[in-house]
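A.B. asks: Sequence below, structure please.
(2 chains)
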There are 2 protein chains.
Amino acid sequence: MSDTFIAPDALLQHWQGHRRLTRRVIDAFPEDKLFTFSIGGMRCFGAMALELVSMAEPMVRGVATNTWDTSFDRNAVPKLEILRRWDASTKEIDALWAKIPPARFRETMKAFGQYEGTVHDLVLYVIDNEIHHRGQGTVYLRALGIEPPPFFERQ
Amino acid sequence: MSDTFIAPDALLQHWQGHRRLTRRVIDAFPEDKLFTFSIGGMRCFGAMALELVSMAEPMVRGVATNTWDTSFDRNAVPKLEILRRWDASTKEIDALWAKIPPARFRETMKAFGQYEGTVHDLVLYVIDNEIHHRGQGTVYLRALGIEPPPFFERQ
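C.D. replies: This next block holds a predicted model:
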């Protein structure tokens, strides 16, 4: 324990707090803006949200089982369908995380056949990418005249 | 080590990678847009960058020494002055981090006299807040017609 910044369970709780916030940001978008609105030629937030769905549970499954599978489909789907996939992933992430041997986080794996790194860095990349795109989404919301959910609220 | 997601040294390296990227995002802004340009009534990126400076080294100093001190001044300063403070903080964070007893990260502290939490959560809040505002800054850059530095490049 002396060489620990954070334990696996605490990191999962931290991430699930972020996921609750990201879910609220997705839900705050008007249905007709999710796959149409963008700034400066960037992707619409719906496509970013589908990317997040395609990374979170698939990364944890890969780390837990060494089975790597994801989707590159970013075509528009209803907001409720994104939220349904989000909630399903939330449960699956909890279940898969419990199966990861603690020593795994210090091992090197090749995620999705191409991203090689220490497992803790691979997992942090997914979390950081979620925070990054959610931050972008909050600018879209402000530009649409909508106040985003507060960053500090994670329950 | 069995209850470790990531060790303190690895987390610091991960953060310093983020800090190299955030420095590039600050540097990518035109001088005359840092404290003038915004979207949807949000703060300009210069003020966000000063917030990041006011949180990073002061949080690590507080964790290392239990001395809490920060600045709330967000008035415009030249970009080079922000970068100078950024680089000074980068060195100071490394020096202070080395003085943190490893057990400290699991203890509870009250940061800046008001934010109470487990130290690993306090530190992650600072990192996550940096990623969040940097993501917002990349939308500002795109809106200004400037391609942001790539998210995955941390060297």
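
A.B. asks: Now do the contacts for A:K33.
C.D. replies: Contacts for A:K33 (C-beta atoms under 8 Å, 6 or more residues apart in numbering or on different chains) come out as A:44-45, A:140, A:144. In short, each C-beta sits where N, CA and C put it, glycine included.

A.B. asks: Also A:I146?
C.D. replies: By C-beta under 8 Å, 6+ apart, the neighbours of A:I146 are A:28-30.

A.B. asks: Quick check: PyMOL command selecting the buried ones in those.
C.D. replies: Selection of buried members from those for PyMOL, criterion 16 or more other C-beta atoms under 10 Å in any protein chain shown:
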select buried, chain A and resi 28+29
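
A.B. asks: Identify each of the strands in chain A and give its residue range.
C.D. replies: Assigned by DSSP state E, chain A shows strands spanning A:108-111, A:115-118.

A.B. asks: thinking again about what came up before, can you narrow the contacts of A:K33 down to the ones near chain B?
C.D. replies: When contact is defined as C-beta under 8 Å from any C-beta of the partner chain, these meet chain B at A:140, A:144.

A.B. asks: coming back round to it: the strands of chain A into a markdown table, with extra columns for mean pLDDT?
C.D. replies: Formatted as a markdown table, the strands of chain A follow (pLDDT from 0 to 100):
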| stretch | mean pLDDT |
| --- | --- |
| strand A:108-111 | 98 |
| strand A:115-118 | 97 |
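
A.B. asks: and of those, who's closest to chain B?
C.D. replies: strand A:115-118 (7.4 Å; C-beta to the nearest C-beta).

A.B. asks: Buried ones in the closest one, by neighbour count?
C.D. replies: A:T118.

A.B. asks: What are the contacting residues of it?
C.D. replies: Against strand A:115-118 from outside (C-beta under 8 Å, 6+ apart): A:105-111, A:122, A:125, B:10.

A.B. asks: Return the closest of the residues you listed with respect to A:D69.
C.D. replies: Nearest to A:D69 among the contacts of strand A:115-118 is A:A111, at 11.2 Å by C-beta to C-beta.

A.B. asks: Tell me, how many residues neighbour the closest one?
C.D. replies: 21 (other C-beta atoms under 10 Å in any protein chain shown).

A.B. asks: which residues touch it?
C.D. replies: A:59, A:62-63, A:68, A:117, A:122 are the contacts of A:A111 under C-beta under 8 Å, 6+ apart.

A.B. asks: could you redo the last one with a cut-off of 7 Å?
C.D. replies: Remark: with contacts taken as C-beta atoms under 7 Å, 6 or more residues apart in numbering or on different chains, A:A111 is in contact with A:59, A:62, A:68, A:122.

A.B. asks: And it, how far from B:T22?
C.D. replies: Separation of A:A111 from B:T22 (C-beta to C-beta, to the nearest Å) stands at 24 Å.

A.B. asks: Same question for A:L141.
C.D. replies: For A:L141, the distance to B:T22 equals 22 Å [C-beta to C-beta].

A.B. asks: Could you do A:F105 as well?
C.D. replies: Taking C-beta to C-beta, one finds A:F105 at 25 Å from B:T22.

A.B. asks: Taking the contacts of strand A:115-118, tell me the two that lie furthest apart.
C.D. replies: Distance extremes for the contacts of strand A:115-118: the farthest pair is A:K110 and B:A10 at 18.8 Å, using C-beta to C-beta.

A.B. asks: Neighbour count: these two, which is higher?
C.D. replies: A side-by-side neighbour count of A:K110 and B:A10, using other C-beta under 10 Å, places B:A10 first with 19 against 13.

A.B. asks: wait, what's in contact with the more buried one?
C.D. replies: Applying C-beta under 7 Å, 6+ apart to B:A10 gives the contacts A:H120.
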